[in-house]
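# Okay, sequence plus prediction incoming.
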Amino acid sequence: MTGPATPGVTARVPAKVNVQLAVGGPRPDGFHDLANVFLAVGLYDEVTATEADELRITCSGPDAAQVPLDRSNLAARAALALAERHGRSAAVHLHIDKDIPVAGGMAGGSADAAGALVACDALWDTRASREELLEICAELGSDVPFSLVGGAALGTGRGERLTPIEVGGTFHWVFAAADGGLSTPAVYCEFDRLCAAEGRTVPAPEASPALLDALRTGDPKALADTMSNDLQPAALSLFPSLADTLRTGSAAGALASLVSGSGPTTAYLAPSAAAAEDIAQTLRTSATCRTIRTTTAPAPGAQLLTAR
Ligand code: C5P
């Protein structure tokens with residue numbers, strides 16, 4: 001006799017934008033020290049874990065065709081890491097309902113890893129502590145711990161050591177996903193190449209106190225005046241047409257326009273929800289972008305939507 005079908009467990013995880021990304025020189029391990037101010041934004045992937053005979057990944061959503069469905073997928077690696085630590089099988093079906101642009105600099109892959117971890121922990125009743133989950137996240141990638149935590153945080157080290165930041169208001173954003181992707185290692189490599197070509201000494205990365213204040217007070221104008229992304233020149237060098245998109249967003253009323261993380265998604269901070277809609281409309285009609293989305297920040301970290 002077969003019992004009732006086991007219901008799946010779904011975790012919802014936000015995308016991020018880096019409102020400050022200060023990058024140091026290359027480290028002996030190939031990574032770069034960062035002062036990385038993450039802000040979670042209200043675009044979400046949902047990861048559903050269901051019991052299965054073997055580890056299997058499926059994906060739906062506009063960018064689904066670009067998502068690897070083998071064990072190179074960070075969600076699969078998250079399930080394997082949790083299973084190994086708890087001496088159990090990782091036989092699980094992970095379905096990713098993807099709304100975060102792929103290879104866009106918005107931590108979509110990291111979100112899926114954090115979502116898989118939280119969903120598998122609930123499905124398997126492994127009851128991993130927050131510290132253990134954060135440890136696994138840090139092993140999986142520099143941005144994964146923040147996907148778990150959400151809100152706003154300063155990431156130091158390679159971005160994985162987090163200090164929460166208080167946010168005193170709601171910020172309105174527009175995101176333009178470019179037609180194409182950028183590889184994060186390639187953008188860091190280009191950053192190193194540009195620094196060497198310019199003969200620049202790269203200072204130790206530090207968070208801007210004015211930017212942290214702007215987040216605390218919830219003041220969009222002050223945030224716009226202090227935002228920065230050290231990877232932006234490298235992203236523009238590899239994807240020159242992004243400069244036009246950034247100019248279009250600024251001319252349409254954005255308080256500030258910047259590349260999101262390693263790109264090529266571009267981000268526009270708006271003074272209001274209505275202004276965000278106007279900027280989005282202008283970008284839709286005048287720029288060559290894949291999709292334009294409006295949303296708000298901060299957003300919560302990985303959350304279970306259904307429990308067993
Ligand atoms: O940690 P994650 O796997 O997301 O990093 C992807 C790549 O981005 C690294 O292999 C490295 O080339 C680059 N990276 C870096 N410094 C960081 C984070 C990422 O150089 N702090």
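In hand now; what should we look at? Numbering: from 1, shown residues only.
# For stretch 75-90, list every residue counted as buried.
A75, A76, R77, A78, A79, L80, A81, L82, A83, H86, A90 (16 or more other Cβ atoms under 10 Å). (Glycine included, C-beta is placed from N, CA and C.)
# and V41, that's in a strand?
Yes. Counting by DSSP: H, G, I helix; E, B strand; the rest coil, V41 is located in a strand.
# distance of it from Q232?
To Q232, V41 is 18 Å away according to Cβ to Cβ, to the nearest Å.
# Beyond whichever strand or helix holds P185, next helix or strand please.
In this assignment (DSSP states H and E), P185 forms part of helix 184-197. Using DSSP H and E, the helix or strand that follows helix 184-197 in sequence is helix 209-217.
# Show me what that next one is packed up against.
strand 9-26, strand 32-51, helix 220-226 (3 or more Cβ pairs under 8 Å, 6 or more residues apart in numbering; DSSP states H and E).
# Quick one, which of these gets closest to the ligand.
strand 32-51 (3.8 Å; Cβ to the nearest ligand atom).
# if we can go back for a sec, packing partners for the helix holding P185?
Helix 184-197 packs on strand 9-26, helix 232-238, going by 3+ Cβ pairs under 8 Å, 6+ apart.
# The first one pairs with which strands, parallel or anti?
Spelled out, it's strand 9-26. strand 32-51 (antiparallel), strand 228-229 (parallel), strand 303-304 (antiparallel) (DSSP bridges).
# could you dump that strand to PDB, C-alpha only?
Extracted in PDB, the C-alpha atoms of strand 9-26 (Å, rounded to 0.1, in the frame of the first residue of the first chain):
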ATOM      1  CA  VAL A   9       8.800  22.200   1.000                       C
ATOM      2  CA  THR A  10       9.300  25.600  -0.700                       C
ATOM      3  CA  ALA A  11      11.800  28.300   0.200                       C
ATOM      4  CA  ARG A  12      11.600  31.800  -1.300                       C
ATOM      5  CA  VAL A  13      14.900  33.700  -1.600                       C
ATOM      6  CA  PRO A  14      15.600  37.300  -2.700                       C
ATOM      7  CA  ALA A  15      18.000  38.800  -5.200                       C
ATOM      8  CA  LYS A  16      20.600  41.400  -4.100                       C
ATOM      9  CA  VAL A  17      22.100  44.600  -5.300                       C
ATOM     10  CA  ASN A  18      25.500  45.800  -4.000                       C
ATOM     11  CA  VAL A  19      25.000  49.500  -3.000                       C
ATOM     12  CA  GLN A  20      28.800  49.600  -2.400                       C
ATOM     13  CA  LEU A  21      31.300  47.100  -3.800                       C
ATOM     14  CA  ALA A  22      34.800  48.100  -2.700                       C
ATOM     15  CA  VAL A  23      37.400  45.700  -4.100                       C
ATOM     16  CA  GLY A  24      40.900  45.200  -2.900                       C
ATOM     17  CA  GLY A  25      43.800  43.600  -4.700                       C
ATOM     18  CA  PRO A  26      43.900  39.900  -5.600                       C
END
